[in-house]
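**Student:** After the sequence you'll find the predicted model.
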Amino acid sequence: MDFKGINCPVCSKAFEETDDVVVCPKCGAPYHRECYKEKGKCIFSDLHKEKKTYREVYCVGEDVNEDTEEDADGDSAVCKHCGHKNSKDSIVCEKCGEFLTGASFFAQAAIDPDNDSDDDEELEKLKEQMRNVGPVMGSANFYTNGFRFGIDEAEDHDGVTSKELADYVGGNALYYIPVFSRINSFNTSRFNFAAFLFNGAWYFYRKQYLKGIAVSLLMTALGLIQNAVMYFKAGDLWEKANTALNASEAMPAYNEYISYMNSNCTPLEIFFMMLPYILSFMSIAIMFVCGLTANKGYYQKALKKVRQIKENNPDDDEKQLRKKIVRAGGINLGAAFSLLACESIINMAMMFFFNR
C-alpha cells in the first residue's frame, strides 16, 4: 500500500516515499516506525473492537494504492497480482503468496529483532497462512520479508533451528532453507548452478574463502598448464597432423587423426597432443563437483558457525544471538567481484602471452 500524502496519526506529518512506514496488522493504520515505537501499540483500539479498518474509516476518498480488491459479494479478497479469490480475512494470497494488504510490516514484525509489537495473535495467523501456501511463490514481498514463513522455523538441525540458519544465510534464504531441510531429512541436495558457473567466486560470495581460494587456484593452474602445453608442444604437433591430413580442405574424421598419431607419433607426443583436452575436461569436472557439493558444504559451514556462536555466547538472549549470527553469515559481494576481476586479468594475460 502506498501511503504517500496520508498523515501519520501520531505526528500528523504526511508520509513521503522514503519514510519507514509500519502498519497495524489488525486495522491497517499506517505509522512512522519511530511513532509506532513511541506509542508501543496501535492507537485505534476502537477500530479493533468494531472490526473496522483504518482505510474504510479514515481514508475515504483518498488515493491509496491497494494490492487487494474485494469481490462484489464482499465475501472474498481478490489478489491484484494473480487474480485469485481468497477468503475475506486472508492476509496473504493463497496462490501466489503476495500480501493482500500490501503491508510488508506483518512479515517484518516477525523477523525484526528490534520489533516491539505485541500483536502475537495476528503474526501467528500470518505465519500459519504462509506455511499453508508454501515456499513456492515469487512475489517481491515474500522474497524480501516472508521467506521463512513457508518453512518450519523450529526444525532442528542437530542443535540449530531453521530460523537460525535463515538468519545466517541472509540473502536467498528462500532457496537454501528448503534445501537444508531436505539434506537434514533425506541427506539429498540439489544442483547449485551458481556454484557450477562461478565456482571460486561463489565460495567467496558465501564467505567460504579457503574453498574459494583452493578452487580458483586449481582452475587457474589447469588453464595455465593447458595453454602452456598447447603453446610450447601440442600446437606444433596438431599443426603437423592437420597438414598431413589436408585439414585445410576438409575436416578429417576422428579415426583419421587416430590412425595418423599411431603411425607418426611417439607415445609421449600423443600424450602432449591429448593433454590440453584432458585438462579441459578436468576443469569441467571440477565445475560439476562444485555444483553437486556446494549446498551440502554450505549447510555444514552454516551449522558449524551457528553452533560456535551459540556455544561462545551462552549468556546472550535471542536478539543478541541473532545479531551475531546475521553478522557472521550473509554474503560478501565485494570479495566475489574482486576474485572474478583477478581471474579475468589472469585469463587476459594468458591470452595475450600464448596468442602472440
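**Tutor:** Arrived safely, thanks for sending. Numbers count the residues shown, from 1 in each chain.

**Student:** pLDDT weak spots in the stretch 1-150 of the chain?
**Tutor:** 1-2, 56-84, 88-150 (pLDDT under 70).

**Student:** Recalculate using a threshold of 80.
**Tutor:** Residue ranges of the stretch 1-150 of the chain with pLDDT under 80: 1-6, 12, 17, 25-27, 45-150.

**Student:** before we move on, what about the stretch 201-350 of the chain?
**Tutor:** 247-251.

**Student:** how about a cut-off of 90?
**Tutor:** For the stretch 201-350 of the chain, the stretches flagged by pLDDT under 90 are 239, 241-257, 314-320, 322-323, 326, 330-331, 347, 350.

**Student:** what about the helices in it?
**Tutor:** 209-229, 235-244, 254-264, 267-312, 318-328, 333-354 (DSSP state H, counting those that start in this stretch).

**Student:** Not counting sequence-adjacent ones, nearest residue to Ile181?
**Tutor:** That one is not Ile; residue 181 is Ser. In space, and not counting its chain neighbours, Ser181 is closest to Glu155: 6.0 Å by CB to CB, 6 or more residues apart in numbering. Any C-beta I mention is one placed from the backbone N, CA and C, and that applies to glycine too.

**Student:** and that neighbour, backbone torsions?
**Tutor:** phi -60, psi 130 (degrees, to the nearest 10).

**Student:** How about the one 10 residues further on?
**Tutor:** Dihedral angles of Leu165 (phi, psi; degrees, to the nearest 10) stand at phi -70, psi -40.

**Student:** Let me see the contact set for it.
**Tutor:** His157, Ala173, Tyr176, Ile177, Phe180, Ala302, Leu303, Val306 (CB atoms under 8 Å, 6 or more residues apart in numbering).

**Student:** measure it to Gln208 for me?
**Tutor:** Applying CB to CB, to the nearest Å, one obtains 15 Å for the distance of Leu165 from Gln208.

**Student:** again, but for Asn246
**Tutor:** Counting by CB to CB - Asn246 and Gln208 are separated by 51 Å.

**Student:** And for Tyr299?
**Tutor:** Distance from Tyr299 to Gln208, by CB to CB: 12 Å.

**Student:** coming back round to it: quick one, which of the helices of the stretch 201-350 of the chain is nearest to Lys37?
**Tutor:** helix 318-328 (15.0 Å; CB to CB).

**Student:** Show me what the closest one is packed against.
**Tutor:** Secondary-structure packing of helix 318-328 (3 or more CB pairs under 8 Å, 6 or more residues apart in numbering; DSSP states H and E): helix 162-169, helix 267-312.

**Student:** and the closest residue to Trp238 other than its chain neighbours, what does it touch?
**Tutor:** Of all residues not flanking Trp238 in the chain, Met273 sits nearest, at 6.2 Å (CB to CB, 6+ apart). Contacts here follow CB under 8 Å, 6+ apart; on that basis Met273 touches Ala234, Leu237, Trp238, Ala241, Met261, Cys265.

**Student:** May I ask you to confirm that the second one is in contact with Leu268?
**Tutor:** So that's Leu237. No. Using CB atoms under 8 Å, Leu237 is not in contact with Leu268, being 10.3 Å away.

**Student:** what's the distance between the closest residue to Arg33 other than its chain neighbours and Cys27?
**Tutor:** Counting by CB to CB, 6+ apart, Arg33 lies nearest to Asp20, which is 4.4 Å off, once chain neighbours are set aside. Separation of Asp20 from Cys27 (CB to CB): 19 Å.
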